[in-house]
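Colleague: here is my input; please provide its structure:
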Amino acid sequence: MRPSETTGSTAPSLPTVVAVIPARYASTRLPGKPLIDLGGVPMIVRVVEQARRTPGISAVIVATDDTRVRDAVQAHGGTAVMTRDDHPTGTDRLAEVARSLACDVIVNVQGDEPLIDPAMIAQALVPFAEPAIEMTTLCRPFTDVEEFHDPNVVKAVVGEDWFALYFSRAAVPYDRASAGRALPVRSFKHIGLYAYRRTTVLRLAALPPTALEGTEMLEQLRALEHGIRIKVVQTELDSIGVDTDADVARVRALLAASPAVSHARLAHDHAQS
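Modeller: I've put the predicted structure just below:
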């Protein structure tokens, strides 16, 4: 979503936005994951289609290290570029593409979320109406205590100004009054969609890895440890990351039930599951 247009010679220019989808062919749990067939369409192509539906996105680019992924995207009318195959993180792959772009803002869309709602991407772009914003991400309130304690689910600790204080796999913040048996008042699930100023992506990729990043295995902590503030946007939507065969089966079932399935419904289903 772009800032509202204004009239007159002093109107601020709107940021140009490009969505980049890093897509590695190799996957420990699901080899060839980007090309998994979902209702007759490769998963990576479904991600491209969702990103294209986002208002304000001027281009969608898949950044991959495998010609099979590139060819699949191009066969469906998408744009894909080849990147080095030795990038340690998705941010590094993103930065390689960013160097050749002339846009203001880059959205990093996860390549394994084929049903991501374009509204979620748009929500991450709203704060860039403020020139001082360098980086944004999303979160949503936890509704399930077990999910809150799951180390595979990342938690966002957010200040009153809605800038991130910390991200962790641990169940934080800790509710001392309930000895951890209840959800804290401000407990948020981190949703791993990021948007950055192009200059911020390049700076972040050039910074050395940090101790907390290595401990938690969370790339975003590098930004916080080096003083890059991350604006967090709360959403009521959710997404399904495809990491297992069970995830693949679930997405296929949803698509079979309704090829134009609404992601708002998916968020509701996820909260109830």
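Colleague: show me where the chain has strands.
Modeller: 17-23, 37-38, 41-42, 57-64, 79-82, 105-108, 135-141, 155-158, 164-168, 188-197, 230-234 (DSSP state E).
Colleague: need the ones you listed in JSON lines with mean pLDDT, distance to Ala124 and mean neighbour count, can you?
Modeller: C-beta: built from backbone N, CA, C; applies to glycine. Listed next are the strands of the chain as JSON lines, based on pLDDT from 0 to 100; distance: least, CB to CB, whole Å; neighbours: other CB atoms under 10 Å:
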{"stretch": "strand 17-23", "mean pLDDT": "95", "distance to Ala124": "10", "mean neighbour count": "26"}
{"stretch": "strand 37-38", "mean pLDDT": "96", "distance to Ala124": "24", "mean neighbour count": "14"}
{"stretch": "strand 41-42", "mean pLDDT": "95", "distance to Ala124": "24", "mean neighbour count": "20"}
{"stretch": "strand 57-64", "mean pLDDT": "96", "distance to Ala124": "11", "mean neighbour count": "22"}
{"stretch": "strand 79-82", "mean pLDDT": "96", "distance to Ala124": "21", "mean neighbour count": "16"}
{"stretch": "strand 105-108", "mean pLDDT": "97", "distance to Ala124": "7", "mean neighbour count": "25"}
{"stretch": "strand 135-141", "mean pLDDT": "97", "distance to Ala124": "5", "mean neighbour count": "22"}
{"stretch": "strand 155-158", "mean pLDDT": "98", "distance to Ala124": "13", "mean neighbour count": "22"}
{"stretch": "strand 164-168", "mean pLDDT": "98", "distance to Ala124": "13", "mean neighbour count": "20"}
{"stretch": "strand 188-197", "mean pLDDT": "96", "distance to Ala124": "5", "mean neighbour count": "23"}
{"stretch": "strand 230-234", "mean pLDDT": "98", "distance to Ala124": "6", "mean neighbour count": "21"}
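Colleague: so which of those strands comes closest to Leu218?
Modeller: Leu218 lies closest to strand 164-168 among those, at 5.3 Å (CB to CB).
Colleague: pLDDT weak spots in the chain?
Modeller: For the chain, the stretches with pLDDT under 70 are 1-14, 259-273.
Colleague: grab the longest helix from it for me.
Modeller: Ranked by residue count and defined by DSSP state H, the top helix of the chain is helix 245-257.
Colleague: for that one, name the packing helices and strands.
Modeller: Helices and strands touching helix 245-257, by 3 or more CB pairs under 8 Å, 6 or more residues apart in numbering; DSSP states H and E, are strand 37-38.
Colleague: contact partners of the strand it packs on?
Modeller: Met43, Arg46, Pro114, Val248, Val251, Arg252, Leu255 (CB atoms under 8 Å, 6 or more residues apart in numbering).
Colleague: partners of that strand in the sheet?
Modeller: Taking DSSP bridges as the criterion, strand 37-38 forms sheet pairs with strand 41-42 (antiparallel).
Colleague: most neighbours among the contacts of strand 37-38, which one is it?
Modeller: Neighbour tally across the contacts of strand 37-38 (other CB atoms under 10 Å): the maximum, 29 neighbours, falls on Pro114.
Colleague: could you pull up phi and psi at it?
Modeller: Main-chain torsions, Pro114, degrees, to the nearest 10: phi -70, psi -10.
Colleague: can you tell me how far it sits from Gln50?
Modeller: 7 Å (CB to CB, to the nearest Å).
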